[in-house]
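Engineer: Have a look; sequence and predicted model below, questions after that.
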Amino acid sequence: MVDTKDNSTTECCGTGAKESAGELLMSRGARRIRKAGATLMHALLLLVTASSAIAVLFIFFYIGRDAVPFFRSRGFVEFFTRNEWFPASDNARFGALAIFYGSAMVAVASVSIALPVGIAASVCLSDILSFRARQVVKPVIEILAAIPSVAYGFFALVVLAPLMQDMGGTFLAVGSVLFLAPFFFIVSMLLSDLASARFSGRLQKAARRGIVFGGGGFCLWILYSIYSRLAALQISSGTNALNVSIILAIMALPTIVSVAEDALQAAGSGLREGSYAMGATRAETMLKVIIPAASSGICAAVILGFMRAIGETMVVWMASGNAAQIPTPWYNLLEPIRTLTATIAGDMGEADHITGADRYHVLFAMALCLLVISFVLNLLSEWAVKRSRRKMRGE
């Protein structure tokens, strides 16, 4: 018999010896050139990899350089705690509290609208729809991300604003019913599935029917109450926070659906099959196993959707009303507001001819605040994604 192990070892040693001999036969200058070339290629690859980080650092530097003079001149108290925004008057005031509040208000409202729709859509894509249906539905949702923001702004200004102003509460009542009815239906179906899993035979059918009909009647009563109250509302201006929030929710929907669906898919078939093997229903599997396992990824989807909403410019500039005020009461979405991005876009053209003045540098202060907010939210989303990956690996 031939000892293949010894032959393979001999061949490997022979190859290594040839390579070592080749390196030894190279001259000292050739070895230096080869080492310098490898070092240069590593440096070029590192530069290409770090180019995005370098660009972000330069953006932070140049915006911070023009923001610092405003804080030196006016300080932090007026900018972050006052509500008077009169940058063009003789006795200028730069209280941006209402502008910060407007940005946070429309971002939170838009995510609140997009979150239940996005989670429901991602669950349907990952566990309910067939592969063929998923191949059709998902590209349609992602097309929403390809529509220019100025087109969304025109739609909000030309279509939604007149509807809100002319039809008032009727528009809100019908929209609320259309939005809440599918949600109530899904909740009643899930509750009936969860409750019927605890019974068997006739009791299971009775529990399912009782929850479906009883819950359906209760949901209809809630929808009627909401409709009757909203129908009596009068809206003074169609360019308001609700108009912007609806459009921003549509714009954030592709991001939330895509990231949340990837997180649900990453949970794997093992968890689903194990849950089914233990006797759990599909509703129990989704609510108690899959969604908790993908909670970090869903959290990252929410953060990215929030970033998409808070960084939007054209829609809020065109359809928010641009009123630097805190609504009364503070949760009233039917009043005009103003955001940081709209203020920067609207005032930069008027302030650029007075470079060096506080009215010029305050816009860079707002831009710096937006950068810091986006940077912190990005770090939170990265942390959520890494936490989800570690949880999937069992670490």
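Structural biologist: Nice, thanks for sending it over. Since this is a predicted model, take the numbers as computed values, not measurements. Numbers count the residues shown, from 1 in each chain.

Engineer: so what's the most centrally placed residue in the chain up against?
Structural biologist: Nearest residue to the geometric centre of the chain (CA atoms, centre = their mean): residue 305, 1.3 Å. The neighbours of residue 305, taking CB atoms under 8 Å, 6 or more residues apart in numbering as the test, are 110, 111, 114, 115, 118, 252, 253, 255, 256. Backbone N, C-alpha and C define where each C-beta goes, glycine included.

Engineer: next one: residue 108
Structural biologist: residue 306.

Engineer: and the gap between it and residue 238?
Structural biologist: From residue 108 across to residue 238, the span is 21 Å (CB to CB, to the nearest Å).

Engineer: Likewise for residue 244?
Structural biologist: Taken as CB to CB, the span from residue 244 to residue 238 is 11 Å.

Engineer: Show me which of those two is the more surrounded one.
Structural biologist: Neighbour count, other CB atoms under 10 Å: between residue 244 and residue 238, residue 244 has more, with 34 against 24.

Engineer: mind listing what the more buried one touches?
Structural biologist: Going by CB under 8 Å, 6+ apart, residue 244 touches 106, 110, 156, 315, 316, 319, 320, 337.

Engineer: now with 10 Å?
Structural biologist: 102, 105-107, 109-110, 152-153, 156, 160, 309, 312, 315-321, 333, 336-337, 339, 342 (CB atoms under 10 Å, 6 or more residues apart in numbering).

Engineer: repeat for residue 237
Structural biologist: Contacts of residue 237 were listed using CB under 10 Å, 6+ apart, and they are 161, 164, 165, 243, 321, 323, 334, 335, 336.

Engineer: how about JSON lines for the residues you listed, with distance to residue 368 and neighbour count added?
Structural biologist: Converted to JSON lines, the contacts of residue 237 look like this (distance: CB to CB, whole Å; neighbours: other CB atoms under 10 Å):
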{"residue": "161", "distance to residue 368": "32", "neighbour count": "20"}
{"residue": "164", "distance to residue 368": "34", "neighbour count": "25"}
{"residue": "165", "distance to residue 368": "36", "neighbour count": "17"}
{"residue": "243", "distance to residue 368": "28", "neighbour count": "30"}
{"residue": "321", "distance to residue 368": "25", "neighbour count": "20"}
{"residue": "323", "distance to residue 368": "24", "neighbour count": "18"}
{"residue": "334", "distance to residue 368": "31", "neighbour count": "19"}
{"residue": "335", "distance to residue 368": "28", "neighbour count": "20"}
{"residue": "336", "distance to residue 368": "26", "neighbour count": "21"}
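
Engineer: Just the residues you listed: which are in strands?
Structural biologist: Among the contacts of residue 237, no residue falls in strands (DSSP state E).

Engineer: roughly how far is the helix ranked longest in the chain from the heart of the chain?
Structural biologist: For the chain, the helix that runs over the most residues, judged by DSSP state H, is helix 28-74. When distances are taken as CA atoms, centre = their mean, to the nearest Å, helix 28-74 is centred 29 Å away from the chain's centroid.

Engineer: Can you name every helix or strand that it contacts?
Structural biologist: Applying 3 or more CB pairs under 10 Å, 6 or more residues apart in numbering; DSSP states H and E, one finds that helix 28-74 contacts helix 4-25, strand 93-94, helix 358-392.

Engineer: Where does pLDDT dip in this protein?
Structural biologist: For the chain, the stretches with pLDDT under 70 are 1-27, 189-213, 215-216, 351-356, 388, 391-395.

Engineer: Residue 347 and residue 361 touch, don't they?
Structural biologist: No - counting by CB atoms under 10 Å, residue 361 is not a contact partner of residue 347; they are 11.8 Å apart.

Engineer: more neighbours, these two?
Structural biologist: Taking neighbours as other CB under 10 Å, residue 347 and residue 361 compare with residue 361 leading, 22 against 18.

Engineer: If we ignore the residues flanking it in sequence, what's nearest residue 373?
Structural biologist: Once flanking residues are discounted, residue 373 sits nearest to residue 310: 6.7 Å by CB to CB, 6 or more residues apart in numbering.

Engineer: dump the residue contacts of the one you found.
Structural biologist: Residue 310 makes contacts with 103-104, 106-108, 110-111, 248, 252, 316, 339-341, 370, 373-374, 377, as judged by CB under 10 Å, 6+ apart.

Engineer: check contacts around the closest residue to residue 95 other than its chain neighbours.
Structural biologist: Spatially, and ignoring its direct neighbours in sequence, residue 95 is nearest to residue 82 (2.7 Å; CB to CB, 6+ apart). Counting by CB under 10 Å, 6+ apart, residue 82 makes contact with 93, 94, 95, 96, 97, 98.

Engineer: By neighbour count, sort out the buried ones in those.
Structural biologist: Among the contacts of residue 82, those classed as buried by 16 or more other CB atoms under 10 Å are 94, 95, 96, 97, 98.

Engineer: Now render these as a markdown table, adding distance to residue 53.
Structural biologist: Compiled in a markdown table, the buried ones among the contacts of residue 82 are given as follows (distance: CB to CB, whole Å):
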| residue | distance to residue 53 |
| --- | --- |
| 94 | 32 |
| 95 | 35 |
| 96 | 29 |
| 97 | 33 |
| 98 | 34 |
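
Engineer: Between all of those residues, which two are separated the most?
Structural biologist: 94 and 98 (11.7 Å; CB to CB).

Engineer: Mind listing the shared neighbours of these two?
Structural biologist: 82, 84, 85.

Engineer: Could you check what's spatially nearest to residue 325, not counting adjacent residues?
Structural biologist: Residue 325's closest residue in space is residue 98 (CB to CB, 6+ apart), at 5.3 Å.

Engineer: ok, that neighbour touching residue 83?
Structural biologist: Yes - using CB under 10 Å as the test, residue 98 is close enough to residue 83 to be in contact (5.1 Å).

Engineer: quick one: common contacting residues for the two?
Structural biologist: Common neighbours of residue 98 and residue 83 (CB under 10 Å, 6+ apart) are 324, 325, 326.

Engineer: Columns distance to residue 187 on top of the contacts of residue 82, output as a markdown table?
Structural biologist: Below are these laid out as a markdown table (distance: CB to CB, whole Å):
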| residue | distance to residue 187 |
| --- | --- |
| 93 | 48 |
| 94 | 47 |
| 95 | 43 |
| 96 | 40 |
| 97 | 38 |
| 98 | 37 |
